[in-house]
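Novice: What follows is a predicted protein model with its sequence.
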Amino acid sequence: NGGEKVWGDRTVCDEGLPLYTFWGYEYDGIFRTQEEIDNHLWAEGAAAAYKPGDARFRDLNDDGQINEDDKTALGNPFPWLTYGLNFGAEWKGIDLQLFFQGVYGNEIYNALRLRTEGTGNEATLSTSMRDVWSSANPDGNIPNPFGNPINTENSSRYVESGSYLRLKNVQLGYTLPANWTEKIKMSRCRIYLSGSNLFTLTNYTGYDPEVGGGVDYGNYPQSRTFMLGVNINF
């Protein structure tokens, strides 16, 4: 009702926004030179804390400095669309069942990257750190983890699309002919092979886009499983 905003670690609840909207800076790459820093942060004293290799954020109010006034809504964890698709076919005793499941239009805050693209003091670093900025790698695309502390502030750098399409389950079966099963006193016998979570189409870079609450701390990915079974009716 237009009262006080409710803040979380990475979110805000405010009038006119979806619940638990991600809130932070708009990431704009890396400062490559001191000249870039000086041109972007032209307010008096604003450039002093920054060095080449630090994260560059958009100055949304165009006042020549980066502060709380430049933070903005970065998306929310609620899908615009949640869907499932079932397909089935049968031919001469062979049956095939497919179940696809997915979501579209939501964002995920990839908090795992805070650790795996950091200093290495908290977790084993990601192989993506091969592309970190350093004096030896000035074209790197990951900000210097030993630079300005603002480099790891909440920003769109960690907010990714959570949309995905997953083949949740597939089952291929074969029902033995009735004249076979009658000889062994069965009314029906079906043999099947099923698999779960066989593939996922997504642009999300974390382990698994099926994240509860919209913040991914490194949730263990859903297992890919296979099962062979028999259904027998007497």
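Specialist: Perfect, I can see it now.

Novice: Contacts only, for the residue nearest to the spatial centre of the chain.
Specialist: By C-alpha atoms, centre = their mean, the chain has its centre lying nearest to Tyr204, at 4.0 Å. Taking C-beta atoms under 8 Å, 6 or more residues apart in numbering, we find Tyr204 in contact with Ile108, Asn110, Glu160, Ser161, Gly162, Ser163, Tyr164. Where C-beta positions appear, they are placed from N, C-alpha and C, glycine not excepted.

Novice: among those residues, which are in strands?
Specialist: Ile108, Asn110, Glu160, Ser161, Tyr164 (DSSP state E).

Novice: Next, the buried residues of stretch 99-119.
Specialist: 99-103, 106-118 (16 or more other C-beta atoms under 10 Å).

Novice: In strands, which of these fall?
Specialist: Phe99, Phe100, Gln101, Gly102, Val103, Glu107, Ile108, Tyr109, Asn110.

Novice: Max pairwise distance over the residues you listed: which two?
Specialist: For these, the maximum inter-member distance is 28.3 Å, found between Phe99 and Tyr109 (C-beta to C-beta).

Novice: What are the phi and psi values at the residue lying closest to Asp95 once chain neighbours are set aside?
Specialist: Excluding its sequence neighbours, the residue lying closest to Asp95 (C-beta to C-beta, 6 or more residues apart in numbering) is Gly173, at 4.8 Å. When read as degrees, to the nearest 10, the backbone of Gly173 gives phi -130, psi 160.

Novice: separation between Gly173 and Leu228?
Specialist: Note on Gly173: its distance to Leu228, by C-beta to C-beta, to the nearest Å, is 11 Å.

Novice: One more: Arg115?
Specialist: For Arg115, the distance to Leu228 - C-beta to C-beta - is 39 Å.

Novice: again with Gly75
Specialist: From Gly75 to Leu228 the distance is 42 Å (C-beta to C-beta).

Novice: more neighbours, these two?
Specialist: Gly75 (20 against 8; other C-beta atoms under 10 Å).

Novice: Now do the buried residues in the longest helix anywhere in the chain.
Specialist: If you go by DSSP state H, the chain has its longest helix at helix 34-40. For helix 34-40, a neighbour-count test (16+ other C-beta under 10 Å) marks Glu36, Ile37, His40 as buried.

Novice: In CSV: those residues, plus distance to Ala89.
Specialist: Listed next are the buried residues of helix 34-40 as CSV, based on distance: C-beta to C-beta, whole Å:
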residue, distance to Ala89
Glu36, 59
Ile37, 61
His40, 59
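
Novice: tell me how far stretch 70-80 is from the chain's mean position?
Specialist: Centroid displacement of stretch 70-80 relative to its chain, using C-alpha atoms, centre = their mean, to the nearest Å, is 13 Å.

Novice: typo on my end, stretch 211-231
Specialist: Distance, centroid of stretch 211-231 to centroid of chain: 15 Å (C-alpha atoms, centre = their mean).

Novice: Going along the chain, name the helices of the chain.
Specialist: Going by DSSP H, the chain shows helices at 34-40, 112-116, 178-181.

Novice: by contact count, what packs against the first one?
Specialist: What it means is helix 34-40. The contact analysis (3 or more C-beta pairs under 8 Å, 6 or more residues apart in numbering; DSSP states H and E) places helix 34-40 against no helix or strand.

Novice: Go again with 10 Å.
Specialist: Contact analysis of helix 34-40 by 3 or more C-beta pairs under 10 Å, 6 or more residues apart in numbering; DSSP states H and E lists strand 27-30, strand 55-57 as its packing neighbours.

Novice: Tyr25 against Ile66, yeah?
Specialist: Yes - with contact defined as C-beta atoms under 10 Å, Tyr25 reaches Ile66; the gap is 7.0 Å.
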